[in-house]
Each structure stands twice: as structure tokens, then as C-alpha cells.
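Colleague: with the input below, show me the fold.
(2 chains)
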Amino acid sequence: AQKVTQAQTEISVVEKEDVTLDCVYETRDTTYYLFWYKQPPSGELVFLIRRNSFDEQNEISGRYSWNFQKSTSSFNFTITASQVVDSAVYFCALIPSGNTPLVFGKGTRLSVIA
Amino acid sequence: DAGVIQSPRHEVTEMGQEVTLRCKPISGHNSLFWYRQTMMRGLELLIYFNNNVPIDDSGMPEDRFSAKMPNASFSTLKIQPSEPRDSAVYFCASSLADRYSGNTIYFGEGSWLTVV
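Modeller: Residues are numbered from 1 along each chain as shown, chains lettered A, B, ... in the order given. Below you'll find the predicted structure:
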């Protein structure tokens, strides 16, 4: 079965704090792809990152970083020095094999308070 | 480059009316997806097409829902007759996918449907 679990439903932090959003996935495929999307209050779904199962190198993009660990089937997302504009719902998602649709987690609502 | 374009952005309709949502995928993309988002069920896949052919429509809730993709640049999702429980945000998305790539799926801004 293919599944993505985001155990944190809501997180609230004060501006400038670091915050980590957890994502655990399940798949039996050896080749798969992991994603994070951001959904700001305006409602659109914005692509943040794609990672394939053979690339465990962590990625950093500005204040965003991602930690992919196959041993624990996790693909966690950290925002450093959070800002109010980071307030959104963040979705972790999985494509379990090459040409299949995204399987989404339930999302984590992040509120950054000034 | 233009992203995935959906219309209408917002629609309020009365129960029993027909609703048609439209989508133009990113030019050159060969896979198109319709997702629905509700508070209760989150993001769920309704149907997806590859090269204009429906591949999996198991997520379509019932016969009131139908989707078509007459060509590579246009798709519709139709609800007839609409019911209040169909109120949701409907996202269209597209990707350039092949069997192995798992390419990124890009989403439109969504169509916010309210059935009263």
C-alpha cells in the first residue's frame, strides 16, 4: 500500500523560530519520488521540492531544508528562521512509481506568529 | 510559461444544476489529473489521463461525475446533477510523465465550487 503520514496536524511557532514538519511514507516500490507542496491561504498548491528514492542527499534552498532518510522512510522539511509568510498548509506527497499520480498526506498547517 | 489554467475560479450553483469545470494543462505535458480537496477528506485523486486517455477513474465518486479530455490542451470535469456535498476545491494538475520519471506535477489555482 502507498501511504503518506503527516502526524502533525497543526504547528504554531513564533517568528524566527526553526520548525520541522514530519513526513513518513510507505511504499513497496524501490523507485519512488517524494514531494513537498505549500498551500498558502490563497489556496493554490505550490511545488517546493522533488526527490527520487536513489538520492538521499539532503537539500537546502535558502531557509528551507529537507532531510530524506530511507532507513526510517522519512522526508522531513525544516524551515529555519520562520517568517509570517511561511504560514500555510504543507503537504508531503509520494509518487510510488514512474507514472502514477501523487499520493498526498493530510497536510500540516503551520502558523507563524509575529 | 503559462501554468495550468482552470476556470471558473469560483462557482456558486444551486443543487441539481450542472457544473462544468475546465482545465488547460501546461503545453507539452502528457498527463492530466483532477483532484478534489475537502476539509474532511483532504486531497483526493478523482481521475487521471495519460496522452488524453483516462487511466484511472476509480476516485470518481459516482456517476454524477464525468471527465473528458478531447485533446492534449483541454479537459473538463462535469457534475450533473450537483449536490451540496460536492462543494469543494477542484484542482487540475499536469505533468510530463513517462514510465520512469515521476516528474513533478504542477497544479492550477483550483476551482472553488459551492453548491447550495
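
Colleague: the residue in chain A positioned nearest to chain B bridge partners, please.
Modeller: In chain A, the residue that lies nearest chain B is residue A:33 (3.4 Å; CB to the nearest CB). From N, CA and C alone the C-beta is placed, and that goes for glycine too. Legend: beta-bridge partners of residue A:33 under DSSP bridges are residue A:52, residue A:95.

Colleague: what about it, neighbour count?
Modeller: Around residue A:33 there are 24 other residues, counting by other CB atoms under 10 Å in any protein chain shown.

Colleague: mind listing what the residue nearest to residue A:26 when sequence neighbours are not counted touches?
Modeller: With sequence-adjacent residues excluded and distances taken as CB to CB, 6 or more residues apart in numbering or on different chains, residue A:26 is closest to residue A:3, at 4.3 Å. If you count contacts by CB atoms under 8 Å, 6 or more residues apart in numbering or on different chains, residue A:3 has them with A:25-27, A:94, A:103.

Colleague: what does chain B put close to chain A?
Modeller: Residues of chain B lying close to chain A by CB under 8 Å from any CB of the partner chain are B:31, B:33, B:42-43, B:45, B:48, B:50, B:56, B:89, B:91, B:93, B:97-110, B:112.

Colleague: among those, the buried ones, what's the ChimeraX command?
Modeller: Of these, the buried ones go into a single ChimeraX selection, burial set by 16 or more other CB atoms under 10 Å in any protein chain shown:
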select /B:31,33,42,43,45,48,50,89,91,93,97,102,103,104,105,106,107,108,109,110,112
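
Colleague: can you give me the strands in the chain?
Modeller: Let's take chain A. Chain-ordered strands for chain A, with DSSP state E as the definition, fall at A:3-5, A:10-14, A:19-21, A:24-26, A:33-39, A:46-52, A:59-61, A:64-69, A:74-79, A:88-95, A:103-104, A:108-113.

Colleague: wrong one, I was asking about chain B
Modeller: Along chain B, the segments classed as strands by DSSP E run B:5-7, B:10-13, B:19-24, B:31-38, B:42-50, B:53-56, B:65-71, B:74-79, B:88-95, B:106-107, B:111-115.

Colleague: who in chain A is up against chain B?
Modeller: A:31-33, A:35, A:37, A:43-47, A:50, A:52, A:91, A:95, A:97-99, A:101-102, A:104-107.

Colleague: re the thing from before, output the strands of chain B as JSON lines; include the columns mean pLDDT and distance to residue A:7.
Modeller: Converted to JSON lines, the strands of chain B look like this (pLDDT from 0 to 100; distance: least, CB to CB, whole Å):
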{"stretch": "strand B:5-7", "mean pLDDT": "97", "distance to residue A:7": "31"}
{"stretch": "strand B:10-13", "mean pLDDT": "97", "distance to residue A:7": "33"}
{"stretch": "strand B:19-24", "mean pLDDT": "98", "distance to residue A:7": "33"}
{"stretch": "strand B:31-38", "mean pLDDT": "95", "distance to residue A:7": "20"}
{"stretch": "strand B:42-50", "mean pLDDT": "93", "distance to residue A:7": "14"}
{"stretch": "strand B:53-56", "mean pLDDT": "91", "distance to residue A:7": "28"}
{"stretch": "strand B:65-71", "mean pLDDT": "97", "distance to residue A:7": "32"}
{"stretch": "strand B:74-79", "mean pLDDT": "98", "distance to residue A:7": "32"}
{"stretch": "strand B:88-95", "mean pLDDT": "96", "distance to residue A:7": "24"}
{"stretch": "strand B:106-107", "mean pLDDT": "94", "distance to residue A:7": "24"}
{"stretch": "strand B:111-115", "mean pLDDT": "97", "distance to residue A:7": "28"}
